[in-house]
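*Asks:* the following comprises the amino acid sequence and a computationally predicted model.
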Amino acid sequence: MSKHMPDHPLRRLPLVHTSPRAASRRDLWWRGAVIYQIYPRSFQDSDGDGVGDLPGITARLEHVAGLGVDAIWISPFCRSPMKDYGYDVSDYCDVDPLFGTLADFDALLAKAHGLGLKVLMDFVPSHTSDQHAWFQESRQDRGNARADWYVWADPKPDGCPPSNWLSVFGGSAWEWEPRRGQYYLHNFLKEQPQLNLWQPEVQAALLDVARFWLERGVDGFRLDAIDHAVHDPRLRNNPPRRQALSLQATGSVPASPYKMQEPRWNRARPELVELFLKPLHALTELYPGTVLLGEISGDEALIRAAEYTEGGGLDIVYTFDLLDCPGTAEAVRTVILELEQEIGQGWTCWSLSNHDVRRAVSRFGGQEPPEALRRLLPVLLGCLRGTVCLYQGEELGLEEAVLTFEQLRDPFGIAFWPAFAGRDGCRTPMPWESAAAEAGFTKGEPWLPIPE
């Protein structure tokens, strides 16, 4: 093994699929494509409420097309109470009024296609909001029609949660529900209960959601936190890490006990391929030109990238390895070499910034990044073998915004302040016009401040 690729402390044997590989795509437009990520709250506000929306995106699509990109990925815009800013979905098949209407989405889709842009939407099949009708029914008692649509478990004899699993957002991954006298699983906020993909009815319901948007004309999905979607039904305890890691905050993860476990039983389960990825792939085969881009994280993300994209149902895997690595050339080289060793005939998506991590210009360049660095980073992405994801604002070389505690909106940052500032610094609104009020983003007060 290369000296640049030390043996990974959590490396496991490769996954062996027990059923035929997912069919190969006939249209591979996404190989080598550039996808532009739009965070709708912060892209363009059209109605003066200070929050970006779908009509705002539509109004700025000429700018996006002018960059020469091939597709856009729009972060969540479905109905949501916004506890995690759209990643807690309360209705998969409607647009949240904050962002507009289904008619607004149809108009966006038509204009994007007219400009030659594909459109990927963010699909969150791992969990819902606790306000979703499915969960509202499931939590009532143990005998209702959706009683097993979420992950429920009895307490241990001493009343403790059924396993030692931890939430990414801090504390136990289990929350008590007195109506059922059971705990429910949440890998993130307690307001984001985990769906039970072991239930065929849940699988079918999620495929119906995908079908709804495919029928409207979307060109594929970015699958949020897809490696969290399947759990070990025996609820076995996770072991401690075999190699201690620093509890210092990184680009996307705060100093948290979550990093002290090897999440063997509640993340990156091999059953995910058969339970959901292949059925979803088979559905999208009915809509030519579609693509599935899956987000995975953690220590084994590069290994899972090969498994999930070499006949495992996904077309592209999006990992945090470049997003979280230290801002040095050697760190970048290490990630690229390890991915090339693992990926085989699979395919990855490279990105240096997104809505969850510190902006790359600041991560690599510090408080006063050199001008040349702003130009270098997008060029670096374009030189890598794979699909490129360019986060909004990277074409401007935007830096991470520094906010006060009073300005924070992200529950992640609020919970871990001051050791970890959260994700608001990379989510501040796009500046469109330097001389305009609020940089041309809104005619009202922006939901997050726009830095100089």
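*Replies:* Thanks, I have the structure now.

*Asks:* pretty sure His63 sits in a helix.
*Replies:* Yes. Counting by DSSP: H, G, I helix; E, B strand; the rest coil, His63 is found in a helix.

*Asks:* doesn't Pro283 fall inside a helix?
*Replies:* One thing to correct before we go on: residue 283 is Leu, not Pro. Yes. Leu283: assigned to a helix according to three-state DSSP.

*Asks:* which stretches of the stretch 201-350 of the chain form strands?
*Replies:* With DSSP state E, counting those that start in this stretch as the criterion, the stretch 201-350 of the chain has strands at 220-223, 291-295, 316-318, 348-350.

*Asks:* point out where this structure drops to low pLDDT.
*Replies:* Along the chain, segments meeting pLDDT under 70 span 1-19, 243-255.

*Asks:* and the longest helix for it?
*Replies:* Of all segments of type helix in the chain, defined using DSSP state H, the longest is helix 200-216.

*Asks:* TSV for the strands of the stretch 201-350 of the chain, including mean neighbour count?
*Replies:* (C-beta placed from N, C-alpha, C; glycine too.) Below are the strands of the stretch 201-350 of the chain laid out as TSV (neighbours: other CB atoms under 10 Å):
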stretch	mean neighbour count
strand 220-223	26
strand 291-295	26
strand 316-318	27
strand 348-350	24
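
*Asks:* dump the ones you listed into a markdown table; add distance to Pro270 as well.
*Replies:* Shown next, in a markdown table, are those (distance: least, CB to CB, whole Å):
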| stretch | distance to Pro270 |
| --- | --- |
| strand 220-223 | 17 |
| strand 291-295 | 14 |
| strand 316-318 | 15 |
| strand 348-350 | 19 |
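
*Asks:* now do the helices in the stretch 1-150 of the chain.
*Replies:* Counting by DSSP state H, counting those that start in this stretch, the stretch 1-150 of the chain has helices at residues 54-59, 61-66, 102-114, 133-138.

*Asks:* which strands and helices sit next to the longest one?
*Replies:* I take that to be helix 102-114. Under the contact criterion of 3 or more CB pairs under 8 Å, 6 or more residues apart in numbering; DSSP states H and E, helix 102-114 touches helix 54-59, helix 61-66, strand 91-95, strand 118-123, helix 200-216.

*Asks:* would you turn the ones you listed into JSON lines with mean neighbour count and distance to Glu394?
*Replies:* Output for those, formatted as JSON lines (neighbours: other CB atoms under 10 Å; distance: least, CB to CB, whole Å):
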{"stretch": "helix 54-59", "mean neighbour count": "22", "distance to Glu394": "17"}
{"stretch": "helix 61-66", "mean neighbour count": "15", "distance to Glu394": "12"}
{"stretch": "strand 91-95", "mean neighbour count": "17", "distance to Glu394": "26"}
{"stretch": "strand 118-123", "mean neighbour count": "23", "distance to Glu394": "17"}
{"stretch": "helix 200-216", "mean neighbour count": "16", "distance to Glu394": "26"}
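
*Asks:* for the ones you listed, give me CSV that also has distance to Glu406.
*Replies:* Converted to CSV, these look like this (distance: least, CB to CB, whole Å):
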stretch, distance to Glu406
helix 54-59, 26
helix 61-66, 32
strand 91-95, 31
strand 118-123, 29
helix 200-216, 37
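
*Asks:* closest to Glu438 out of these?
*Replies:* helix 54-59 (12.7 Å; CB to CB).

*Asks:* what's the closest one packed up against?
*Replies:* Packing partners of helix 54-59 (3+ CB pairs under 8 Å, 6+ apart): helix 102-114.

*Asks:* buried residues, the helix it packs on. List them.
*Replies:* The neighbour-count check on helix 102-114 (16 or more other CB atoms under 10 Å) flags 104-105, 108-109, 111-112 as buried.

*Asks:* just want the angle from that helix to helix 200-216.
*Replies:* Angle, helix 102-114 to helix 200-216, by axes from the mean of the first three to the mean of the last three CA atoms, to 10 degrees: 60 degrees.

*Asks:* how close does the nearest residue to Thr328 once chain neighbours are set aside get to Pro326?
*Replies:* Excluding the flanking residues, the one nearest Thr328 by CB to CB, 6 or more residues apart in numbering is Phe364, at 8.0 Å. Taking CB to CB, to the nearest Å as the measure, Phe364 falls 9 Å from Pro326.
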